[in-house]
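Visitor: could you look at this predicted model? Sequence included:
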Amino acid sequence: MSVLSNHLVKNDEQCSSDKAVVLIVFAFLVCASFSAVLLTPIPAMVDYLNHLARMYVLASDGMPGANPYYHAAWALYPNLSMDLLVPQLARAFNVDTASRIFLLLSQGLVISGALALERIVKGRFEIAGFVAVMFLYSLPFSWGFLNFEFGVGLSLWGIAFMLLVMELPWLVRLSVNAVFVSMLFAAHFFALGIYGATLGICELWRAWDRNAPHSETAFRLALLAVPALALLGAMQLTGGTIGFAETDWFFTFKLLWPFRIMSGYSMTSAATSMVVLTGVIYIAAKHGYLQLETRGLWIAIGFALLYIAIPSRLFGSAFADLRILVAAALVLPAFCTLAMPRRALRAMLAATSTITLVNLAIVLTVWLSYRADYAAMIDSFHQLKAGSTVLVGASGDGDDPPFHDLTEYPMYHAPTLAAAYANAFVPNLFAVVGEQPIQVRPAVRRLAVRIVGPVPVAVLTAIATGNTAPEVPQFIRSWTQDYDYLYLLGPPIANPMPKLLETLVTSRRFVLYRIHRAHQIADPSLEPSYFSLN
């Protein structure tokens, strides 16, 4: 009896020691992940700078010195979490600090939401937190899809609360659902879809598991749908929209995205991390260490079908199918049960921690490398005349995104900060009705575009020769007359149009030119068929 007691005490001590190690490692990974935001004044996330520029415009709207080309245009439509919160935070902090606080809040919501969901489902914490930290700088998050990240974190909390009240009276379920649907509608419409899809699948599983009457299941599903339908109806009545009706399928990428999703800056790291992670999951599942409960299997199948069926661009939101992968990675761990020997547990902990730290090291390397570039860009705004018009071009082919080197991508939207620092008009600034609450004023509305990357310098040169073609967008058709300055992003090249462009600033990743509107080049050898922005 004494031997058995000593053995049990020893096992308890080992278990407590393992839990302490796991907790310490998790806390370290969380702090390390947050430190990336704290150490960099402007995170080198692709869309972040564009969002930051919009925050400046919103924060100064209606005040003396506000940007003359944009004005706030609020309506009942989604994707507004950053726009609602950051200008309010900017009253206590500056816009840059308020934006980083929002980013940290979004990351905190993702991690805490994953933990809360796992706690509700299993009654304990196991792997969801580690997976959330691992995906904290996955492709859509590291590219700066900020409203989506905030919305995903909120949706995880919403799913957790709804599962908590799943068996309570219908009025309680309807009330909780209405609160989260309202918040998610304002935060991000795609995140609302993730929330609704997950809960809808859970309800279908419940009906199957309990052999529930069809009428009961229909009523429960209706309770989920009613608040969302009510908001959509109110949006239609008030003239609100959800982005714009542009839908594209790129089926080839559906096979590639799983191997690119883990990193927003290195395809090699992303593919390697996914192979390692897949191997760890396979080994753990094969030995029975990791099991997916039946409800989780239903959710996994549902997300897989959504991933296959959903367009790559939905309502103007790019990479819609890719976002499904992130959602699945954050939701499914809550429905997985982990039970493995001590050695296997430590091996799995080491593998997942290594993936997280390698990706974080890449993130920090890229972000820190851009500090000087962003500082040079901001300093260049002193060369701009206040209230000027600024065009953004690329010294290369301008592919969007540049998959041959993803570390170039964080520079794409840096010139949009001219809207904040020089009250300039920049056509690349996000101002899409139904997605952002700012609109372009009538004076420059013909130059406004929905979403566009830098225009290749070859296209600009061809237009400057007098060669135009029907497929050339309106905003650059007469760029030599409509814009005062040109930022040419990418490695500096020789001045492509010396008579038209005057070099003002040359930096490692961009060149700023003043455009002399009186000059125009003539070169009839360039044919109109040359134009392409793809």
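Guide: Structure's in. What do you need?

Visitor: in the stretch 51-200 of the chain, which spans are strands?
Guide: With strands called from DSSP state E, counting those that start in this stretch, the stretch 51-200 of the chain shows them at 70-72.

Visitor: and for the chain?
Guide: Using DSSP state E, the strands of the chain run over residues 70-72, 290-292, 336-338, 390-394, 438-440, 455-456, 485-489, 501-506, 510-515.

Visitor: which parts of the second one are buried?
Guide: For strand 290-292, burial by neighbour count (16 or more other CB atoms under 10 Å) applies to Leu290, Leu292. From N, CA and C alone the C-beta is placed, and that goes for glycine too.

Visitor: give me the pLDDT value at the nearest residue to Val440 once chain neighbours are set aside.
Guide: Once flanking residues are discounted, Val440 sits nearest to Ala448: 4.2 Å by CB to CB, 6 or more residues apart in numbering. Reported pLDDT at Ala448 in the predicted model: 86.

Visitor: these two touch, right, Ala448 and Asp482?
Guide: No - checked against CB atoms under 8 Å, the pair Ala448 and Asp482 is beyond contact range at 11.7 Å.

Visitor: common neighbours of the two, please.
Guide: Common neighbours of Ala448 and Asp482 (criterion: CB atoms under 8 Å, 6 or more residues apart in numbering): Phe475.

Visitor: was I right about Val22 contacting Ala350?
Guide: No - using CB under 8 Å, Val22 makes no contact with Ala350, being 11.6 Å away.

Visitor: who has more neighbours out of those two?
Guide: Shown here are Val22 and Ala350; by other CB atoms under 10 Å, Val22 has more neighbours (18 against 12).

Visitor: quick one: contacts for that one?
Guide: Residues near Val22 by CB under 8 Å, 6+ apart: Leu349.

Visitor: what's the local residue count around the nearest residue to Leu345 once chain neighbours are set aside?
Guide: Counting by CB to CB, 6+ apart, Asp18 is the residue found nearest to Leu345 once chain neighbours are left out, at 6.6 Å. By other CB under 10 Å, the residues close to Asp18 number 14.

Visitor: returning to that earlier point: and the residue nearest to Val440, backbone torsions?
Guide: As for Ala448, its main-chain torsions (degrees, to the nearest 10) stand at phi -70, psi 140.

Visitor: next one, pLDDT for the residue lying closest to Leu204 once chain neighbours are set aside please.
Guide: Among residues not flanking Leu204 along the chain, Trp298 sits closest, at 6.9 Å (CB to CB, 6+ apart). pLDDT recorded at Trp298 is 96.

Visitor: likewise Ala522?
Guide: Value for Ala522, per-residue pLDDT: 40.

Visitor: and for Ile493?
Guide: Reading off the model, Ile493 has pLDDT 92.

Visitor: again with Pro64
Guide: 88.

Visitor: where's it relative to Pro87, distance?
Guide: Distance, Pro64 to Pro87, using CB to CB, to the nearest Å: 16 Å.

Visitor: between the two, which one's more packed in?
Guide: Pro87 (21 against 5).

Visitor: point me to the residue sitting closest to the centre of this structure.
Guide: Geometric centre of the chain, nearest residue: Phe145, 1.9 Å, by CA atoms, centre = their mean.
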